[in-house]
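In: please find the sequence and the predicted model below.
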Amino acid sequence: MSEPRVVSPGFHARVYARVREVEPGYVTTYGDVAAALGTPRVARHVGWALSALDDDSTPWHRVINSQGRISYRGDTGRGELQRALLEAEGIVFRGDRVDMRSCRWRFEPG
DNA sequence: GGCTTGACTAATG
DNA sequence: TCATTAGCCAAGC
């Protein structure tokens, strides 16, 4: 099958490709991204891949943990930024959590 | 080739 | 709801 899938040299590139599918106003989880890649056990690598992100074209802020919370990385300040970006896109926060009931992105199979 | 790391997850109390 | 524990696996050294 010569599917035009991303056959990148690393796991991260696949993560980025999936994350870019997420549209504004939606959020997804590390586990969902990992599952979309066919490896639901590598949720940690999704986060790790995003930590190495240096690309504004990848909506890393739309990826949060399964509890609907932002993984705060201490002094990076990105946790605050992430919430700000999500709120700017219309994501509803309830306390420190995202209301994923209505904002959770659904990855298409394949 | 093996150990350590990690923006996770699910289960348990 | 929160804290703790165990499992998971690719990347980096």
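Out: Looks like it came in fine.
In: distance from stretch A:72-84 to the middle of the chain?
Out: With C-alpha atoms, centre = their mean, to the nearest Å as the basis, stretch A:72-84 stands 14 Å off its chain's centre.
In: establish whether that stretch and DNA strand C are in contact.
Out: No. Using C-beta under 7 Å from any atom of the strand, stretch A:72-84 stays clear of DNA strand C, coming no nearer than 12.4 Å. C-beta here means a position set from N, CA and C on the backbone, and glycine is covered the same way.
In: first vs last residue of that stretch, how far apart are they?
Out: End-to-end distance for stretch A:72-84, by C-alpha to C-alpha, to the nearest Å: 13 Å.
In: next: stretch A:100-108.
Out: 18 Å.
In: one more: stretch A:68-78?
Out: 16 Å.
In: just confirm yes or no for that stretch near DNA strand B.
Out: Yes. Counting by C-beta under 7 Å from any atom of the strand, DNA strand B has neighbours in stretch A:68-78: A:71, A:73, A:78.
In: do stretch A:96-110 as well
Out: No. Residues of stretch A:96-110 contacting DNA strand B under C-beta under 7 Å from any atom of the strand: none, with a closest distance of 10.5 Å.
In: just for chain A, where's the confidence low?
Out: Where chain A drops to pLDDT under 70, the residues are A:1-9, A:74-76, A:110.
In: ok, 50 please
Out: Low-confidence regions of chain A, defined by pLDDT under 50, span residues A:1-8.
In: for it, which segments count as strands?
Out: A:28-29, A:63-64, A:93-94, A:97-98 (DSSP state E).
In: and stretch A:71-84, what's buried?
Out: For stretch A:71-84, burial by neighbour count (16 or more other C-beta atoms under 10 Å) applies to A:78, A:79, A:82, A:83.
In: still on that earlier bit, looking at the strands of chain A, which is buried most?
Out: strand A:63-64 (a mean of 25; mean count of other C-beta atoms under 10 Å).
In: what is the nearest of the buried residues of stretch A:71-84 to residue A:109?
Out: residue A:82 (27.4 Å; C-beta to C-beta).
In: for the closest one, what are its contacts?
Out: A:60, A:61, A:64, A:70 (C-beta atoms under 8 Å, 6 or more residues apart in numbering).
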